[in-house]
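K.L.:
starting from these lines, generate the structure:
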Amino acid sequence: MRQRNRGRVALAAVTAMCAAAALPGQAFAAGEPAAYTFDPGAEKVVGTEVSTEAAALTPGSVYKSSIRPGEKLYYRLNLDAKTNAYVSAVAVPRGGGQVAYGDGITVSIRDSTDLQCSSQDARFQSAEFPRPIATYAYRLMEKDSSTCQDAGTYNVLIERESKETSAPGAWDLELRYESEPQLKSAGSMPTDAPENWPSASPMPPTTAPQKRSGGTSYYDATGLETGEWQEKGGIRPGQTLFYRVPVDWGQQIFATADLSNNNASDEFIGNALALSLDNPAHGHVDSATPLSYSGKPASVSLDPLPPVAYENRYDSTSSVSAMRFAGWYYLSVTLSPKIAKSYGDKPIPLTLKVKVEGKAGSSPYTGDAGVFSVTSQDKDMARSGQSGPQAARSDRMKMIGAAGIGTGSVLVLGLGVWALLARRRTSAAPAGPAGGDQPYGGPPQAW
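P.N.:
I've put the predicted structure just below:
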């Protein structure tokens with residue numbers, strides 16, 4: 001029995017270690033850009049062209065779907081009459097297929113009469129090369145509005161537009177549905193968008209550059225804080241790297257991407273590198289003007305954005321409106337595959353300069369705000385450069401270590417008790433004949 005129990009403990013520890021080691025990573029062929037890593041918890045869902053047949057999405061869940069050129073696909077939401085709902089879609093062209101200016105997706109939320117609650121799109125513009133692009137739509141509860149305020153069934157409609165010259169294959173979709181927490185006091189919240197904010201870019205970070213390896217998606221994006229960060233392996237033509245930065249209430253984020261020189265050529269390539277920022281609900285905030293490259297050092301920055309504030313949502317400018325909640329903000333950097341033709345396919349050194357300015361304010365929400373908050377653990381992850389999977393693996397290994405210490409302590413205690421009992425039995429038993437059998441069946445068998 002003791003052998004079986006100890007075997008179970010050992011098996012459980014090994015199983016946990018294997019599970020920790022099996023967390024998704026950046027699996028890809030040597031020399032090739034890593035593929036987009038979808039959230040392993042994503043549930044497969046099929047969009048339908050008939051709204052009444054649409055599958056229902058659940059708050060706090062992630063889904064994987066797909067969409068072909070020209071398709072209009074429906075998914076269903078069951079909403080109450082008090083909660084703000086956000087549904088985002090990340091479109092991922094398969095196999096690096098060709099895209100054209102204006103290709104993209106539109107996401108909208110509509111009520112049962114097809115009245116539109118909101119709609120936003122994500123499109124490939126002057127940077128006409130395949131990469132993940134994201135956008136979202138939402139249903140907001142607004143005191144002075146009569147649109148989309150009732151409880152009931154709502155539809156998420158995702159539409160894809162592609163030019164005839166674009167690759168005809170399907171794009172994968174990663175869908176997320178998040179519910180915004182309730183306010184502590186809705187009546188005291190500002191309802192006017194801010195008109196002014198600090199718009200001058202701050203002095204760049206003065207800390208020594210540190211090396212970090214970017215992730216392949218929102219799921220495994222690498223944590224960053226204020227500082228200067230060198231991509232450990234550089235960035236390859238066609239590769240997209242993801243990073244995330246915790247930005248709290250009242251704070252501003254500034255970001256710059258610097259691409260190093262490459263002496264292989266001096267060929268001019270327009271729109272060579274794209275820098276993008278998305279918010280905690282994976283809604284697009286802003287993109288920098290694509291960087292052009294001619295083999296010399298080049299740099300591109302995001303325009304100054306307002307501090308995170310609840311009332312930003314009332315601004316008509318999408319980049320301001322998207323800075324509406326605290327949490328992880330996601331930076332993505334993509335290097336055009338056209339670089340390889342003139343400069344080769346070797347990585348080019350990349351540096352990100354990130355600065356978060358401002359004192360963190362208090363949350364307007366009641367209770368746990370989930371993804372719409374910045375916790376001390378988030379700050380630790382940004383400081384150490386951990387992605388979500390790395391943090392989960394670290395926590396799991398700590399649990400395994402604690403379980404191992406506990407199991408070891410039990411075994412040591414058990415051996416001590418056995419030794420004490422053996423001594424007592426030996427002293428209490430009569431001496432056997434010389435050369436005879438050992439008392440009590442002889443010494444204990446090896447475990």
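K.L.:
tell me where the chain has helices.
P.N.:
2-21, 318-321, 339-343, 376-384, 388-428 (DSSP state H).
K.L.:
so for the longest one, mean pLDDT?
P.N.:
Right, helix 388-428. Taken as a whole, helix 388-428 has a mean pLDDT of 56.
K.L.:
tell me where the stretch 101-250 of the chain has strands.
P.N.:
104-110, 116-123, 133-139, 152-161, 171-179, 210-212, 222-223, 227-231, 240-247 (DSSP state E, counting those that start in this stretch).
K.L.:
so which of these is nearest residue 68?
P.N.:
Of all the strands of the stretch 101-250 of the chain, strand 152-161 sits nearest to residue 68, with 7.0 Å by Cβ to Cβ. Bear in mind the C-beta positions are built from the backbone N, C-alpha and C, glycine included.
K.L.:
what lines up beside that closest one in the sheet?
P.N.:
strand 72-79 (antiparallel), strand 104-110 (antiparallel) (DSSP bridges).
K.L.:
burial check on residue 61, number of neighbours?
P.N.:
Counted with other Cβ atoms under 10 Å, residues neighbouring residue 61 total 15.
K.L.:
tell me the spacing between the residue nearest to it when sequence neighbours are not counted and residue 45.
P.N.:
Nearest residue to residue 61, sequence neighbours excluded (Cβ to Cβ, 6 or more residues apart in numbering): residue 177, at 5.7 Å. According to Cβ to Cβ, to the nearest Å, residue 177 stands 11 Å off from residue 45.
K.L.:
and if you look at residue 286?
P.N.:
Residue 286 is 29 Å from residue 45, by Cβ to Cβ.
K.L.:
you'd agree residue 77 is up against residue 156?
P.N.:
Yes. Using Cβ atoms under 8 Å, residue 77 is in contact with residue 156, at 6.2 Å.
K.L.:
overlap in contacts, residue 177 and residue 45.
P.N.:
57, 63 (Cβ atoms under 8 Å, 6 or more residues apart in numbering).
K.L.:
any weak-confidence spans in the chain?
P.N.:
For the chain, applying pLDDT under 70 flags the ranges 1-34, 394-447.
K.L.:
let's see 80
P.N.:
1-34, 96, 186-188, 201, 204-207, 392-447 (pLDDT under 80).
K.L.:
and residue 227, what does it touch?
P.N.:
Contacts of residue 227 by Cβ under 8 Å, 6+ apart are 205, 207, 209-210, 353-354.
K.L.:
one step back: the residue nearest to residue 61: neighbour count?
P.N.:
Neighbour count for residue 177, taken as other Cβ under 10 Å: 21.
K.L.:
might one say that it is in contact with residue 83?
P.N.:
No. Applying Cβ under 8 Å, one finds residue 177 not in contact with residue 83, separated by 11.3 Å.
K.L.:
the more surrounded of residue 77 and residue 156?
P.N.:
Between residue 77 and residue 156, counted using other Cβ under 10 Å, the more crowded position is residue 156 (24 against 21).
K.L.:
correct me if wrong: that one contacts residue 109.
P.N.:
Yes. Judged on Cβ under 8 Å, residue 156 makes contact with residue 109 at a distance of 5.7 Å.
K.L.:
now list whatever residues contact both of the two.
P.N.:
Contacts common to residue 156 and residue 109, judged by Cβ under 8 Å, 6+ apart, are 77, 87, 137.
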